[in-house]
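**Q** compute the structure for the input listed below.
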Amino acid sequence: LQPIFTELVVIQDFTDIYWPEGSVNTFGAWNTKSGYKIKVNESTSLVIQGFMPENNTIELEEGWNLIPVLSQCPVNIAEVFAGEEIEMIKEPGGSLIFWPSQNITTLNQLLPGKAYMLKANSSAQVTFPDCSGNVKVQVHTNSEVPWQVVEPTGSSHVILLPGSVLENFDNGDFIGAFTTGGLCAGYVEIENTSANHVLVAFANDTLSGIADGFEASEIMNFKLFSQADQQEFELIAGFDESFPGENVFVNEGISGILSLELQTSGITSDEKIVRLFPNPAKNYLQIATGNHRDLTLNIFSAEGQLLHKEVINGDTRVNLSSFTRGVYYFRIEGVSFSEVHKVVIH
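**A** Sure, this is the predicted structure:
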């Protein structure tokens with residue numbers, strides 16, 4: 001690593017880390033059968049000299065693996081992993097995904113010199129083929145995005161947007177994932193409203209010194225940018241409980257959206273439909289819903305952990321005796337609106 005030492009910030013895999021600035025190094029020998037995540041402070045390249053290993057087979061464990069590409073030319077994913085129990089392959093710091101069960105193939109090649117995150121449904125062996133003839137490299141172009149988007153980081157949460165959810169939108173629209181602080185930490189452009197899409201949301205990089213993604217367990221909020229209207233809309237997302245994740249960010253998490261509805265009430269953050277009082281509260285909190293019924297109440301900790309969920313019909317009194325002192329977020333969702341209230345409990 002000496003040629004890139006001045007640019008190197010950190011190198012790590014699932015178990016070890018080399019962080020020069022922090023004087024941390026838990027690595028032993030370089031493992032050619034493992035992938036690595038490397039962060040640098042500016043664009044650079046690292047030339048690794050030597051010979052390709054004679055054995056091009058790697059072992060996959062059930063769950064997430066960080067794999068290298070043991071080939072000198074691009075590798076076709078569908079050919080190499082045909083018949084294997086592969087749930088997903090994704091870029092560690094990008095938005096391309098191979099997710100065969102959901103017909104997502106924005107990633108269809110593995111490139112030499114890169115590492116990839118692979119989730120296997122069972123342990124397996126994979127052998128990379130030798131190079132044979134000319135291979136066309138996959139090229140992707142990005143459209144102009146309506147938001148200022150953070151730079152991709154090394155960890156992400158993948159969110160499935162089925163075609164059935166997108167049928168009410170238009171090709172060319174954008175859907176973004178936003179932190180509670182208003183950062184766009186991932187987006188997807190709708191290319192075909194009848195096809196499945198994925199939105200990749202990125203984690204906050206604790207070594208950057210700035211907020212540049214989602215914290216663990218932070219609530220993910222969604223917005224739509226309509227090309228036809230040239231307007232931004234808040235979205236109310238319903239999640240598919242058959243997926244392991246829901247609306248909170250998890251490193252290497254996977255969620256599926258069941259429904260997306262525009263928040264069309266036109267109510268701003270200062271014009272709440274539902275009233276909560278007293279605030280600060282102590283023993284109880286009164287929720288005044290007006291004429292609204294069948295509302296879903298979600299109570300989150302300040303860290304974004306879901307603590308309580310219930311359906312409320314009309315005005316409701318919430319017992320706070322089981323809550324410790326601190327800041328909480330009460331998210332209330334109706335058919336045509338969703339709003340979050342910050343509540344302080346004494």
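
**Q** who touches the closest residue to F239 other than its chain neighbours in this structure?
**A** With Cβ to Cβ, 6 or more residues apart in numbering as the criterion, F239 has its nearest non-adjacent residue at 4.4 Å, and that residue is E246. (Glycine included, C-beta is placed from N, CA and C.) E246 makes contacts with F239, S255, L306, as judged by Cβ atoms under 8 Å, 6 or more residues apart in numbering.

**Q** what lies in contact with the helix or strand where V340 lies?
**A** Of the helices and strands defined by DSSP states H and E, V340 is found in strand 338-345. Under the criterion Cβ under 8 Å, 6+ apart, residues 234, 236, 263, 267, 269, 272-274, 276, 279-282, 285, 320, 323-332 lie in contact with strand 338-345.

**Q** at 7 Å instead, please
**A** The set of residues external to strand 338-345 that reach it, using Cβ atoms under 7 Å, 6 or more residues apart in numbering, is 236, 263, 272-274, 276, 279-281, 285, 320, 323, 325-332.

**Q** is F225 bridged to anything, and to what?
**A** As for beta bridges, F225 partners with F174, E232 under DSSP bridges.

**Q** Y328 too?
**A** Beta-bridge partners recorded for Y328 (DSSP bridges): S301, V343.

**Q** for L46, see how far away it is.
**A** Counting by Cβ to Cβ, to the nearest Å, the gap from Y328 to L46 is 47 Å.

**Q** of those two, who's got more company?
**A** Taking neighbours as other Cβ atoms under 10 Å, Y328 and L46 compare with Y328 leading, 20 against 14.

**Q** who's in contact with that one?
**A** By Cβ under 7 Å, 6+ apart, the neighbours of Y328 are I299, F300, S301, A302, V343, I345.

**Q** same question, L110
**A** L110 neighbours (Cβ under 7 Å, 6+ apart): V69, P74, V75, I77, Y116.

**Q** got it, and H308?
**A** For H308, the contact set (Cβ under 7 Å, 6+ apart) comprises I299.

**Q** local confidence estimate at it?
**A** Among the per-residue scores, H308 shows a pLDDT of 93.

**Q** swap in S269?
**A** With respect to pLDDT, S269 scores 43.

**Q** and stretch 3-12, end to end?
**A** End-to-end distance of stretch 3-12 (Cα to Cα, to the nearest Å): 18 Å.

**Q** and the strands in the stretch 1-150 of the chain?
**A** Applying DSSP state E, counting those that start in this stretch to the stretch 1-150 of the chain gives strands spanning 8-12, 17-19, 24-25, 37-40, 57-60, 63-67, 75-76, 86-90, 97-99, 104-105, 109-110, 116-120, 124-127.

**Q** on contacts alone, who are the packing partners of the fourth one?
**A** In terms of contacts (3 or more Cβ pairs under 7 Å, 6 or more residues apart in numbering; DSSP states H and E), strand 37-40 is packed against strand 8-12.

**Q** could you check the angle the strand it packs on makes with strand 63-67?
**A** Using axes from the mean of the first three to the mean of the last three Cα atoms, to 10 degrees, the inter-axis angle of strand 8-12 relative to strand 63-67 is 130 degrees.

**Q** who does strand 8-12 pair up with?
**A** Taking DSSP bridges as the criterion, strand 8-12 sits next to strand 17-19 (antiparallel), strand 37-40 (antiparallel) in its sheet.

**Q** buried residues in it?
**A** Residues L8, V10, I11, Q12 are the ones in strand 8-12 that count as buried (16 or more other Cβ atoms under 10 Å).

**Q** in this protein, which residue is closest to the centre?
**A** In the chain, the centroid-proximal residue (Cα atoms, centre = their mean) is H157; its distance is 2.3 Å.

**Q** A strand includes that one, no?
**A** Yes. Counting by DSSP: H, G, I helix; E, B strand; the rest coil, H157 is located in a strand.

**Q** now for it: which residues touch it?
**A** A201, G245, F249, V250, G253, S255.

**Q** and for E218?
**A** Contacts of E218 (Cβ under 7 Å, 6+ apart): T179, T180, V248, F249, G304.
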